[in-house]
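**Student:** model this:
(chains A and B)
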Amino acid sequence: MPEAAKSNSESQKKLYHDMLLIRRFEERAGQLYGMGLIGGFCHLYIGQEAVVVGLMGAAKQGDQQVTSYRDHGHMLAQGLDPKAVMAELTGRSTGLSRGKGGSMHMFSSEKKFYGGHGIVGAQVPIGTGLAFANQYRGSSAVSLTYFGDGAANQGQVYESFNMAELWKLPVIYVIENNHYAMGTSVKRSSAVADFSKRGSSFGIPGINVDGMDVEAVQSAGAEAMEYCRSGKGPIILSMNTYRYRGHSMSDPAKYRSKEELTEYREKRDPIENYGKKLIDRGVVNEQDLKQMDAEVKKVVVAAAEFATESPEPGLNELYTDIYA
Amino acid sequence: MSTEILMPALSPTMEEGKLSKWLVKEGDVVKSGTILAEIETDKATMEFEAVDEGKIGQILVAEGTEGVKVNSPIATLLADGEAPGAAPAKKAEAPKADAPKSEAPAAAAAPKIEVAAEPEVPPGTEFVNQTVRDALRDAMAEEMRRDELVFLMGEEVAEYQGAYKISQGLLEEFGARRVIDTPITEHGFTGLAVGAAFDGLKPIVEFMTWNFAMQAMDQIINSAAKTRYMSGGQMGCPIVFRGPNGAAARVAAQHSQDYSAWYASVPGMKVIAPYFAADAKALLKAAIRDPNPVIFLENEIVYGKSFPVPKLDDFVLPIGKARIVRPGADVTIVAYSITVGQALEAAEKLAQDGIDAEVIDLRTLRPLDMDTVLESVKKTNRIVTIEQAWPVCSIGSEVCSRVALDAFDYLDAPPTKVAGKDVPMPYAANLEKLALPTVDDLIQAVKAVCYKA
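**Tutor:** Here you go, the predicted model:
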């Protein structure tokens, strides 16, 4: 195999692997929640994996990311240790935030991951501020600011759009349209359902992307990053995606039909479909995928073990990290 | 060896539930995502999915069973090619009853924030009279010269030179990159500045008045103040929010509010409310250098007042230190911001009646320098607080309650509060006057605690 094709096949395998890791991680997180080992709110990313994996496939070192409370996938996609993420979910001292943030509040200075925000829409001005910092410093980094179709109706999103375009800030607004803001469908909550147009009154261009197709996401991401890095200002990527589970663990998701969910799971699943594609292309065979699944499972089981065997934070931690 | 499938908790509060319906039967092959059963929680009926692949061995709990405890086995799952009952089920997935305990002992109480000793002004230092307005401007200019990462952002701070002229001349010196006019969009630019601070810049955000910061409250509290804690100390927010606070004159309810107690109640935040020009300058410089989010509460009426400021290249005061601005023996008056002026005026008048009042300017509201207050009360045995804010849950309430707790045996009279009236600020001149605390109110309160009414 020529060198270029080989590296290409490696990067395709990585896309598949990273999506699979998120899927298996989230399933395990759901199970630990069921055992009472993860508490509070826990929002799973199952079904949406292609969005963050595709964009990370297009991002460069130094690009920043910020998202909502549905954040486990975003952290795994940028290579954060699944053990540290899972241990944060179980509230242990070995977690990314030493057990003080939980599922919704995780950060990594090293990976330029700026959270993990529990308040719907709050991450949008913050992500815009990251882009402001890039411009202020004259760096070429781009801020990837993720939010959902629900957050897209928050006022601060439009305040951010206005400043981002006014000052030509290098920010990609990634709207993950999974069609339901908790239980309220886009149809019932959005006057204009085409989220790629949400920046039009500010002059921000938008692209509609099939968020269930990891390569479509990657190439739209690359286009958007090129746009931002060339100093043209912000851009919107509207990702058409779907979450298979409820909004959080305690949501039975009765607001949508079984048929709708089945349609996505069986016909549009990002992992299943990409696996088939890679087999068709001859990049992998069935056996390779099985083996990858077994390896990913091992990683996730080890993460779960680590997260249940690690100690809780010391009681002295109650009063640390409030002030520098 | 088979594994047990356990009854899941499917809500934050579920302890047991009903196994409403099995959607698989013994011998069915399942994989990740296969829906195994419907389970009724305390909130809803949920679908329960398989995580591991395998074949359903035994169903241990019949459908329709109520009160199934969370984490009790409900079925077994066989690995490939395994016969039911071939080996005892292993409890590989069973949770540990409790997380391993940490050895570290609990902290007895919240640790005190370290406050450095106040630097002495060297003898022979020249003092120049300066308005609070100019002192604030100089503080920002000095820090912007010192640190390239510091910038100022807000409504009308650049070309207009500041709605209250605090940023006069800064655009000319530092340019539009570092002195930034924003659209009228408090929620947005506050969040933007917080994001920039997460990334290591050091924004100064000017609110034209603190009344407008309510639009941005979520970003100030939830994003700026809590992130260091939520990130386990990884990420901080070195930012200063500043602007005029409290009542100005005749601008009525929506533009006349003192937010001191709101912000001072938030862990993760520091809050400063100076009165004198030297303190305004030295504490704003400290705030800009501080790695934590700092709320800097100014006062419009005080902006134009002139006070002596030491002529020093780099005069910085520690955050968290109160100052005795008038020593006295008979009663302690605790004030901050504009009421320091009222307290000093009252003290002069009280002296004529033979009452020697000690006046403390808190300067910082969080961390609150209770040591200075308690030491004073132990000497005077009486305390009156004065503030323009509403009286309920105020800074004065906090000071009085801490004095009652920590210096009870020293008190010769009830700790007493003088505050604004418990009403939205009225517009009419006579009512507005009635709503704010006066020097006379303070004098009456002091005489009452001295039993000299």
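
**Student:** What score does residue B:81 have for pLDDT?
**Tutor:** Residue-level confidence at residue B:81 comes out at 69, pLDDT.

**Student:** again with residue A:12
**Tutor:** pLDDT, read off for residue A:12, is 97.

**Student:** okay, now it: neighbour count?
**Tutor:** When counting by other CB atoms under 10 Å in any protein chain shown, one arrives at 20 neighbours for residue A:12. All C-beta atoms are positioned from the backbone trio N, CA, C, and that covers glycine.

**Student:** so it touches residue A:278, yeah?
**Tutor:** Yes - counting by CB atoms under 8 Å, residue A:278 is a contact partner of residue A:12 at 5.9 Å.

**Student:** Right, and chain A sits closest to which residue of the stretch 351-453 of chain B?
**Tutor:** residue B:367 (8.8 Å; CB to the nearest CB).

**Student:** Now for that residue: which residues touch it?
**Tutor:** Residues counted as contacts of residue B:367 (CB atoms under 8 Å, 6 or more residues apart in numbering or on different chains) are B:112-113, B:115, B:270, B:319-320.

**Student:** Can you turn the buried part of those residues into a PyMOL selection?
**Tutor:** This is the PyMOL syntax for the buried subset of these, where burial follows 16 or more other CB atoms under 10 Å in any protein chain shown:
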select buried, chain B and resi 270+319+320
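
**Student:** from the contacts of residue B:367, which single one is nearest chain A?
**Tutor:** residue B:113 (6.0 Å).

**Student:** ok, now which ones touch the closest one?
**Tutor:** A:323, B:320, B:367.

**Student:** can you pull the buried residues of stretch B:264-278?
**Tutor:** Neighbour-count burial for stretch B:264-278 [16+ other CB under 10 Å]: B:264, B:266, B:268-278.

**Student:** Wondering if it reaches chain A at all.
**Tutor:** Yes - using CB under 8 Å from any CB of the partner chain, stretch B:264-278 reaches chain A at B:267-268, B:270.

**Student:** of the contacts of residue B:113, closest to residue B:139?
**Tutor:** residue B:320 (17.6 Å; CB to CB).

**Student:** so who does the closest one touch?
**Tutor:** B:113, B:115, B:270, B:364, B:367-369 are the contacts of residue B:320 under CB under 8 Å, 6+ apart.

**Student:** Where strands are concerned, which of those residues count?
**Tutor:** B:270, B:364 (DSSP state E).

**Student:** farthest pair in the contacts of residue B:320?
**Tutor:** B:270 and B:369 (12.3 Å).

**Student:** For residue 254, give me the pLDDT.
**Tutor:** Because you didn't say which chain, this covers chain A. pLDDT at residue A:254 comes out at 90.

**Student:** my bad, chain B
**Tutor:** In this prediction residue B:254 is given a pLDDT of 94.

**Student:** same deal with residue B:116?
**Tutor:** 77.

**Student:** now swap in the one 10 residues further on and tell me
**Tutor:** pLDDT for residue B:126: 95.

**Student:** who's in contact with it?
**Tutor:** With CB under 8 Å, 6+ apart, residue B:126 has these contacts: B:310-311.

**Student:** Please report phi then psi for it.
**Tutor:** phi -80, psi 140 (degrees, to the nearest 10).

**Student:** likewise residue B:334?
**Tutor:** phi -110, psi 120.

**Student:** For it, which residues are in contact?
**Tutor:** Here residue B:334 is in contact with B:360, B:362, B:373, B:383-386, B:396, B:399 (criterion: CB under 8 Å, 6+ apart).

**Student:** Compare these and tell me which is most surrounded.
**Tutor:** Result: residue B:362 is most packed of those (other CB under 10 Å), 32 neighbours.

**Student:** wait, that residue sits on residue B:336?
**Tutor:** Yes - Residue B:362 sits in contact with residue B:336 when judged by CB under 8 Å, with a separation of 4.2 Å.

**Student:** Tell me the first helix or strand C-terminal of the top helix by length along chain A.
**Tutor:** Using DSSP state H, we find that the single longest helix of chain A is helix A:3-34. Next in sequence after helix A:3-34, counting helices and strands by DSSP states H and E, comes helix A:49-56.

**Student:** Kindly calculate the angle that that next one makes with helix A:3-34.
**Tutor:** 130 degrees (axes from the mean of the first three to the mean of the last three CA atoms, to 10 degrees).

**Student:** Run the chain-centre distance for the helix or strand following helix A:49-56.
**Tutor:** As assigned by DSSP H and E, the chain's next helix or strand after helix A:49-56 is strand A:64-67. Distance of strand A:64-67 from the chain centroid (CA atoms, centre = their mean, to the nearest Å) equals 9 Å.

**Student:** just checking, what packs against strand A:64-67?
**Tutor:** Counting contacts by 3 or more CB pairs under 8 Å, 6 or more residues apart in numbering or on different chains; DSSP states H and E, strand A:64-67 is packed against strand A:113-116, helix A:123-137, strand A:143-148.

**Student:** Spell out which residues of the stretch 151-300 of chain A are next to chain B.
**Tutor:** A:155-156, A:159-160, A:162-163, A:166, A:244, A:246, A:249-252, A:254, A:265.

**Student:** what about the helices in the stretch 301-450 of chain B?
**Tutor:** Secondary structure of the stretch 301-450 of chain B by DSSP state H, counting those that start in this stretch: the helices cover B:339-352, B:370-380, B:395-406, B:429-435, B:439-449.

**Student:** would JSON lines of those with distance to chain A and mean pLDDT be doable?
**Tutor:** Below are these laid out as JSON lines (distance: least, CB to the nearest CB, whole Å; pLDDT from 0 to 100):
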{"stretch": "helix B:339-352", "distance to chain A": "26", "mean pLDDT": "98"}
{"stretch": "helix B:370-380", "distance to chain A": "17", "mean pLDDT": "98"}
{"stretch": "helix B:395-406", "distance to chain A": "18", "mean pLDDT": "98"}
{"stretch": "helix B:429-435", "distance to chain A": "32", "mean pLDDT": "96"}
{"stretch": "helix B:439-449", "distance to chain A": "34", "mean pLDDT": "98"}
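
**Student:** now these as CSV including distance to residue A:23?
**Tutor:** Output for the helices of the stretch 301-450 of chain B, formatted as CSV (distance: least, CB to CB, whole Å):
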stretch, distance to residue A:23
helix B:339-352, 61
helix B:370-380, 54
helix B:395-406, 51
helix B:429-435, 61
helix B:439-449, 67
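
**Student:** Of those, which is nearest residue A:144?
**Tutor:** helix B:395-406 (42.1 Å).

**Student:** and the closest one, how far from the chain's centre?
**Tutor:** Distance, centroid of helix B:395-406 to centroid of chain: 19 Å (CA atoms, centre = their mean).

**Student:** circling back: which residues do residue B:362 and residue B:336 both contact?
**Tutor:** Common neighbours of residue B:362 and residue B:336 (CB under 8 Å, 6+ apart) are B:273, B:395.

**Student:** Appreciated, that's everything.
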